[in-house]
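K.L.:
Fold the following.
(chains A and B)
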Amino acid sequence: MAPKLPTGWVHSPPTFLLPDAFLPLITKRGVKYGWTTAPARGKPARFNQKTAGLPTLSQSPAAALARKDYTLPLRTGALAIKKGMTALYDPETGIRTPCTVLQLDRVQVVAHKTREKHGYFAVQIGSGWKHSSNVTRPLLGHFTGAGVSPKRYLAEFRVKDESGLPQVGQSIGPEWFLEGQFVDARANSRGMGFAGGMKRWGFKGQPASHGNSKTHRAMGSSGASQGSGSRVHPGKKMPGRMGGEQVTVQNAKVLKVDKEKGLVILNGSIAGPKGCVVKIQDAIMKPWPVVPGAVEGVKEKLEATA
Amino acid sequence: MASLTPTLRPLACWKSILRHTRQQKAATRSLTTFRKPKPFTGPIADQVPTPHVNRKLKVLPPPPSVAALYKEPIKDLTEDQIRVLDPTGARTRLFSKTNTEAAKVGDVLLVRLKNGDPFAGVCINIRRRGIDTGILLRNELTRVGVEMWFKIYSPNVEGVEVVQRRAKRARRARLTYMRKPKHDMGSVQSIVAAYQRTRVGARTSNANDEGKKGGKRKVKGKK
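P.N.:
Numbers count the residues shown, from 1 in each chain, chains lettered A, B, ... in the order given. Next up, the predicted model:
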């Protein structure tokens, strides 16, 4: 066998052969897979320019915001507690209107979410009150920093831009909503527990007689055999947990607003049991309401789009 | 045979060589830029870290709550509405549980409506739900059993009168058994007509007259 030649010089060529400019710096620390905190790497000027004839990306955060632009409400909503249902009679016409009574309890703005920091504009709203001994220290600091007392419920309401962000600590009462305007009300529906196919999906069940034995409410078949690949297809409606998921009621009319008692009375029914938390915000399917007490920037926009 | 590194490789594969060198260079640099601790300059007391104290966060008091003052808004709403819809309190009294003179299930009631004919029938159910309190009346019109729900506080209901009381207190809350042919009272028109005859002069509206006529006809038909 031929003697091996020394090869050390190959693996580390002398420095005069490899000047510094030849060796690009590589960031080693603080770099995770998939993304980098470093500024964007330089790209060849000829390619991949915004105007290089390529369509703008429709998957970017900016594009997502642009898509949402039309449907995002201009001002924040509020958190309310569902107190129950009743009816309102019109003494003149005698028309009875079933309604849901919601109560606002110490609703305040707790924080903002901004495009620069979080990627979108939203208002964090807190409602109710919680004893400080039941609040974790980080959360307590969050409330203290915002200058509000600890809140029982927290929720976020997305808004279109920074003009829809009220001051932190500002309280939002029922007068935030106007009588006659339309709102979207979101709440978690009543939990039904583990429900069968008939209750959960409206399956017809099976006949009571004609030789049927002990299977009257069963779901029956869960699919074809060889025709569908001898398997149950994904998404097959089956028995399982029913209810307890968020349900949005769109375009609920505000029938009455009572500032003294903190009430907002909505037309018709809203999902959820009595005492549940309801998120109400201007309806996205209707023109934005013209609110006299709105912040200036929002007011102009509301008027323009109403 | 220890290493089998091909000896003639350096003539090609410059890329891998450069990569290797780059790695080595990075390693060298990380060594040279190793953080050197700052030498102590001030007095030692300043450098000793203060022990961690669990500072108490300032907790703001809650603002006054209107929800705590008005805990039962639905009750308040109902009362407000009843004050408007039933200013005399007659309807509330007529169907209150505490009133011994109140209308009970089994009584024959006459409901006068603002628009439309009055409806009479035997009350087989009283559903007490605040402002939505309703009564279910059963009668027979053209030999067909008819049941009607009336909301007692509805502005369309002008008034409710007790035509005939049941002889004996019903021992059920809902007299649904009266739908069965065995217990069905049939038409109450004759009872209502007799009741209205006794009260002639008290109230003579066209609607009532019509009701009376209808009742008479019914009685004849039965005979």
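K.L.:
Show me what from the stretch 151-300 of chain A comes close to chain B.
P.N.:
A:171, A:258, A:260-263, A:265 (CB under 8 Å from any CB of the partner chain). To be clear about C-beta, it is placed using only N, CA and C from the backbone, and glycine gets the same treatment.
K.L.:
For stretch A:174-186, buried residues please.
P.N.:
Buried residues in stretch A:174-186, counting neighbours by 16 or more other CB atoms under 10 Å in any protein chain shown, are found at A:174-178, A:181-186.
K.L.:
Stretch A:107-126 now?
P.N.:
A:107-113, A:120-126.
K.L.:
in the chain, which spans are helices?
P.N.:
In the absence of a named chain, this looks at chain A. Along chain A, the stretches classed as helices by DSSP state H are A:8-11, A:61-68, A:115-118, A:137-146, A:197-201, A:296-305.
K.L.:
wrong one, I was asking about chain B
P.N.:
Under DSSP H, chain B gives helices at B:14-32, B:44-47, B:66-69, B:73-85, B:90-94, B:189-198, B:206-222.
K.L.:
Please state the offset of the fourth one from the chain centre?
P.N.:
Going back to what we said before, that points to helix B:73-85. Chain-centre distance of helix B:73-85: 15 Å, with CA atoms, centre = their mean, to the nearest Å.
K.L.:
What sits closest to B:Arg91 if chain neighbours are left out?
P.N.:
B:Ile152 (5.1 Å; CB to CB, 6 or more residues apart in numbering or on different chains).
K.L.:
State the distance from B:His183 to chain A.
P.N.:
Using CB to the nearest CB, to the nearest Å, one obtains 29 Å as the distance from B:His183 to chain A.
K.L.:
That should have said B:Thr176, apologies.
P.N.:
To chain A, B:Thr176 is 24 Å away according to CB to the nearest CB.
K.L.:
you'd agree that residue is up against B:Ile124?
P.N.:
Yes. Judged on CB atoms under 8 Å, B:Thr176 makes contact with B:Ile124 at a distance of 6.4 Å.
K.L.:
In contact with the residue nearest to B:Arg91, which residues?
P.N.:
For B:Ile152, the contact set (CB atoms under 8 Å, 6 or more residues apart in numbering or on different chains) comprises B:91, B:94-95, B:133-135, B:160.
K.L.:
What spatial separation is found between it and chain A?
P.N.:
B:Ile152 is 11 Å from chain A, by CB to the nearest CB.
K.L.:
And the pLDDT at the residue nearest the centre of chain B?
P.N.:
Among the residues of chain B, the one closest to the centroid is B:Ile74, at 9.6 Å (CA atoms, centre = their mean). In this prediction, B:Ile74 carries a pLDDT score of 96.
K.L.:
Setting aside sequence neighbours, what's the nearest residue to B:Tyr195?
P.N.:
B:Val163 (4.5 Å).
K.L.:
Output the lowest mean pLDDT helix or strand found in chain B.
P.N.:
Using mean pLDDT, DSSP states H and E, helix B:206-222 stands out as the lowest-scoring helix or strand of chain B, at a mean of 41.
K.L.:
any idea how far chain A is from the residue nearest to the centre of chain B?
P.N.:
5 Å.
K.L.:
Surely that residue touches A:Leu88?
P.N.:
No. Counting by CB under 8 Å, B:Ile74 does not reach A:Leu88; the two are 11.4 Å apart.
K.L.:
quick one, phi/psi of the residue nearest to B:Arg91?
P.N.:
phi -70, psi -20 (degrees, to the nearest 10).
K.L.:
which residues of the stretch 151-300 of chain A score low on pLDDT?
P.N.:
Counting by pLDDT under 70, the stretch 151-300 of chain A contains low-confidence ranges at A:293-299.
K.L.:
Do a quick rundown of the strands in it.
P.N.:
Here the stretch 151-300 of chain A has its strands, by DSSP state E, counting those that start in this stretch, at A:153-158, A:182-188, A:191-195, A:240-243, A:246-258, A:263-267, A:277-282.
K.L.:
The second one packs against which elements?
P.N.:
If I follow you right, that is strand A:182-188. The helices and strands touching strand A:182-188, judged by 3 or more CB pairs under 8 Å, 6 or more residues apart in numbering or on different chains; DSSP states H and E, are strand A:246-258, strand A:277-282.
K.L.:
try the shortest one
P.N.:
If you count contacts as 3+ CB pairs under 8 Å, 6+ apart, strand A:240-243 packs onto strand A:191-195, helix A:197-201.
K.L.:
ok, and what's touching it?
P.N.:
By CB under 8 Å, 6+ apart, strand A:240-243 touches A:189-195, A:199-200.
K.L.:
Out of these, grab the one that's most surrounded.
P.N.:
A:Arg200 (18 neighbours; other CB atoms under 10 Å in any protein chain shown).
K.L.:
Would you agree that residue is in contact with A:Arg217?
P.N.:
No. Contact between A:Arg200 and A:Arg217 fails when scored by CB under 8 Å: they sit 11.3 Å apart.
K.L.:
Format the residues of the stretch 151-300 of chain A next to chain B as CSV; extra columns: neighbour count.
P.N.:
Formatted as CSV, these follow (neighbours: other CB atoms under 10 Å in any protein chain shown):
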residue, neighbour count
A:Ser171, 14
A:Asp258, 20
A:Glu260, 9
A:Lys261, 18
A:Gly262, 25
A:Leu263, 23
A:Ile265, 24
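K.L.:
Pick the one among the residues you listed closest to B:Leu69.
P.N.:
A:Lys261 (7.7 Å; CB to CB).
K.L.:
Next up, the contacts around the closest one.
P.N.:
Per CB under 8 Å, 6+ apart, neighbours of A:Lys261: A:103, B:66, B:69-70, B:73, B:76.
K.L.:
which of those are buried?
P.N.:
Using 16+ other CB under 10 Å, the buried ones in the contacts of A:Lys261 are A:103, B:66, B:70, B:73.
K.L.:
neighbours of B:Met148, just the number please.
P.N.:
B:Met148: 14 neighbours (other CB under 10 Å).
K.L.:
do A:Gly235 as well
P.N.:
Count around A:Gly235 with other CB under 10 Å applied: 6.
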